[in-house]
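1. Predicted model follows, preceded by the sequence.
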Amino acid sequence: MRLFSMFLAAVFPALLLACKTNSSAPDPHADHGNSASSQAPHVGHVAPTSADPHAAHGDAHAGHTMPSASAAVQGYTMRVEPDGAVTAGATGTLNIRLQDGSGRPVERLQVVHEKKLHFLILSRDLAFFAHEHPQQQPGGLQTLAFSFPRPGDYVLFGDYTPEGGPQVVSSARLTVPGVSTMKEPQLKPDDLAHARRFGAFEVKLDQKVNGEESVLTFSLTRGGKPVVDLQPYLGALGHLVLVDPGASKLLHSHPLGAGEPGKVSFHTAFPAPGLYKLWAEFRPEGQPLRVDFVIESTGAGGKPHAH
């Protein structure tokens, strides 16, 4: 993912997404395969929405996504429709259709970070995150077998690059029927002075702020020693996703160049001050590892740092 640093535009600046009901315009389920690639340069894009994508809860569209528009200059849209009823805890199939500004199916996608479509699934309360990779079918259809863990509202982001076109992030929302326990996320910044434990690994996050930009450095240790065997995952030493509490602004980032053993740094430019929840994915010692933190941006927002 030239983006998986979440800011896009026609060539690589900011991308606006309007998640509207009638718009035209951790427990990973991910396909975590082995990766073998050189380190990717950092990339960034933000996908803000002009309206609350979670509005109109409980309407007749429960279990179906609302199409949303990518930036008007690009005109790409993503429609996601379950193949049959959606039931929490049961595996079903999502049909994903990408269209260009003329309404034509997008059938040819570039391979970016080893996949043609990176599909991010977030629960409304930001307690759940999945990074998936649908299977491309004839006619531009993409399909994904997936099990939503709980009833409630989910935000879906598709990150893809049409052949001969710009990198695009499209979004949609989906409501899984049932009695939802999801609430508005109440984010509190993590204490970054201490490492947190994730499985067999300890992870410490260091945030260095320079004006409108930040460098986020993750230090991975095991038994108090740096993880020297940090292997590529999907073409990079790490992947980083950040969202605001409303899941309306998405920042997707990849690492800077090689750093000290056991350390991975990401260059980011937040779209606005405030709290953000992040998920970072690594592959220490060949094991898939996903970590999450809540951090605060104090900058005034600015252009993303991109290719």
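-> Yep, it's here.
2. For the rest of this, base every contact and every neighbour count on C-alpha atoms.
-> Noted.
3. now the closest residue to Lys277 other than its chain neighbours: how far from Gly262?
-> Closest residue to Lys277 apart from its sequence neighbours, by C-alpha to C-alpha, 6 or more residues apart in numbering: Val294 at 4.4 Å. Distance of Val294 to Gly262, computed by C-alpha to C-alpha, to the nearest Å: 21 Å.
4. next one: Pro232
-> 13 Å.
5. ditto for Ala200
-> 14 Å.
6. So for the two, which residue has more residues nearby?
-> Gly262 (18 against 9; other C-alpha atoms under 10 Å).
7. now the helices for the chain?
-> Along the chain, no segments are classed as helices by DSSP state H.
8. Could you list the low-pLDDT ranges of it?
-> Along the chain, segments meeting pLDDT under 70 span 1-74, 211, 258, 299-307.
9. Show me it divided up by domain.
-> Listed by automatic domain parsing, the domain ranges of the chain are 18-176, 196-297.
10. The shortest one: end-to-end distance?
-> Read it as domain 196-297. 20 Å.
11. Could you do stretch 245-253 as well?
-> The first residue of stretch 245-253 is 18 Å away from its last residue (C-alpha to C-alpha).
12. Mind listing the residues bridging to Glu268?
-> No Glu there; residue 268 is Thr. Ser214 (DSSP bridges).
13. Distance check, it against Pro255.
-> For Thr268, the distance to Pro255 equals 10 Å [C-alpha to C-alpha].
14. do the same with Ser102
-> 35 Å.
15. One more: Val168?
-> Counting by C-alpha to C-alpha, the gap from Val168 to Pro255 is 20 Å.
16. May I have the phi/psi pair for Ser180?
-> Geometry field for Ser180 lists phi and psi as phi -90, psi 140, criterion degrees, to the nearest 10.
17. Check whether it really touches Tyr154, as I assumed.
-> No: Ser180 lies out of contact with Tyr154 (C-alpha atoms under 8 Å); the separation is 11.3 Å.
18. the more surrounded of the two?
-> Per other C-alpha under 10 Å, whichever of Ser180 and Tyr154 has more neighbours is Tyr154, with 25 against 12.
19. ok, the more buried one - contacts?
-> Contact analysis of Tyr154 by C-alpha atoms under 8 Å, 6 or more residues apart in numbering lists Ile121, Leu122, Ser123, Arg124, Arg173, Leu174, Thr175, Val176.
20. before we move on, back to that, please name whichever of the domains of the chain is nearest to Pro185.
-> domain 18-176 (4.7 Å; C-alpha to C-alpha).
21. Count the neighbours of Asp244 for me.
-> Asp244: 24 neighbours (other C-alpha under 10 Å).
22. if I look at it, how far off is Gln135?
-> Asp244 is 29 Å from Gln135, by C-alpha to C-alpha.
23. ditto for Thr181
-> From Thr181 to Gln135 the distance is 31 Å (C-alpha to C-alpha).
24. Could you give the bridge partners of Val264?
-> So, taking DSSP bridges as the rule, Val264 has Phe218 as bridge partners.
25. can you count the residues close to it?
-> For Val264, using other C-alpha under 10 Å, the count is 23.
26. who are the neighbours in contact with it?
-> Thr217, Phe218, Ser219, Leu237, Gly238, Pro255, Leu256, Ala258.
27. Correct me if wrong: the fourth one contacts Ser253.
-> Spelled out, it's Leu237. No: under the criterion of C-alpha under 8 Å, Leu237 makes no contact with Ser253, lying 11.3 Å away.
28. So which of those two has more stuff around it?
-> Ser253 (30 against 27).
29. quick one: the strands in the stretch 1-150 of the chain?
-> Assigned by DSSP state E, counting those that start in this stretch, the stretch 1-150 of the chain shows strands spanning 18-19, 68-69, 77-82, 92-99, 117-123, 129-132, 135-136, 141-146.
30. Quick one: distance of the third one to the chain centre.
-> On the basis of C-alpha atoms, centre = their mean, to the nearest Å, strand 77-82 sits 17 Å off its chain's mean C-alpha point.
31. and what of the fifth one?
-> Using C-alpha atoms, centre = their mean, the distance from the centre of strand 117-123 to the centre of the chain it belongs to is 6 Å.
32. Output the contacting helices and strands for that strand.
-> Under the contact criterion of 3 or more C-alpha pairs under 8 Å, 6 or more residues apart in numbering; DSSP states H and E, strand 117-123 touches strand 129-132, strand 152-160.
33. Partner strands of the shortest one and their direction?
-> What that stands for is strand 129-132. Here, using DSSP bridges, strand 129-132 pairs with strand 117-123 (antiparallel).
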